[in-house]
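1. can't give you the sequence, but here's the structure:
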């Protein structure tokens, strides 16, 4: 979660002074491989695959046009159409390879994230996810060194659990409300999956009613 937090440092700084919204739900959970894969499958179907199909359709039209130009051009005028055809095939292959690569990267990271304890809070204006993994204790010697290195002699502030804050008032954020998970999608690229069983049935109902009204079409049921 520390890496994920870095992705949103800019957003956190921009909204650090924003008023706290109404708390709708909060709870603890452990990341589950099954639910992470289930949520990612929904993301792939809703965003990645649709985006890939759209790009491939454009490439297909360009490829068909290049083939037509190759067929109808004289032998001494085919260099440019052939180059365009090769370029179209290369671009199409690159789109497919990127999609496959992104899926492989996510699948490779699933195992390393499985079993990590989290605390999630859903507000009317944001979602906060805190990594609750135990923080390594600082020895007395290390603490003394930190204190001595500070000019004012004040001890360093205790390290806090890394957290990620996703601001729901940003139009780059969508929520997929599925049967067992919430899938938070940022910029149609970053995915955060929160199991619904981290909250009570009343809290889940409150999230659905409030956020569907606030986010509109960005809250997808």
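-> Thanks, I have the structure now. Because the structure is a prediction, the values reported are computed rather than measured. Numbering: from 1, shown residues only.
2. Could I get the full set of helices for this structure?
-> For the chain, the helices defined by DSSP state H occupy 2-7, 9-14, 33-43, 49-72, 79-113, 140-149, 201-215.
3. what's around residue 92, how many residues?
-> Per other C-beta atoms under 10 Å, the neighbour tally for residue 92 reads 17. Any C-beta I mention is one placed from the backbone N, CA and C, and that applies to glycine too.
4. cool, residue 29 as well?
-> Residue 29, neighbours per other C-beta under 10 Å, totals 19.
5. burial of the nearest residue to it once chain neighbours are set aside, as a residue count?
-> What sits nearest to residue 29 in space, not counting adjacent residues and going by C-beta to C-beta, 6 or more residues apart in numbering, is residue 198, at 3.9 Å. Residues lying near residue 198 (other C-beta under 10 Å) number 20.
6. Residue 198 and residue 69, how far apart?
-> Remark: distance between residue 198 and residue 69 (C-beta to C-beta, to the nearest Å) = 57 Å.
7. can you check residue 175 too?
-> From residue 175 to residue 69 the distance is 46 Å (C-beta to C-beta).
8. one step back: between the helices of the chain, which one is nearest to residue 180?
-> helix 33-43 (6.4 Å; C-beta to C-beta).
9. Just the buried positions in that closest one, please.
-> In terms of neighbour count (16 or more other C-beta atoms under 10 Å), helix 33-43 has its buried residues at 35-36, 38-40, 42-43.
10. export those to TSV and tack on pLDDT and distance to residue 191?
-> Formatted as TSV, those follow (pLDDT from 0 to 100; distance: C-beta to C-beta, whole Å):
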residue	pLDDT	distance to residue 191
35	88	12
36	87	9
38	87	12
39	88	7
40	88	6
42	87	9
43	88	5
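11. And these, which is closest to residue 58?
-> Proximity to residue 58 was ranked across the buried residues of helix 33-43 by C-beta to C-beta; first place goes to residue 43, at 22.2 Å.
12. Contact partners for the closest one?
-> Residues in contact with residue 43 (C-beta atoms under 8 Å, 6 or more residues apart in numbering) are 176, 183, 185, 191.
13. can we see that at 7 Å?
-> Counting by C-beta atoms under 7 Å, 6 or more residues apart in numbering, residue 43 touches 183, 185, 191.
14. Can you tell me which of the residues you listed is nearest residue 28?
-> Distance to residue 28 across these (C-beta to C-beta) is lowest for residue 183, with 19.0 Å.
15. ok, back up a step: what distance do you get for the residue nearest to residue 29 to residue 50?
-> Distance of residue 198 to residue 50, computed by C-beta to C-beta: 29 Å.
16. try residue 186
-> For residue 186, the distance to residue 50 - C-beta to C-beta - is 17 Å.
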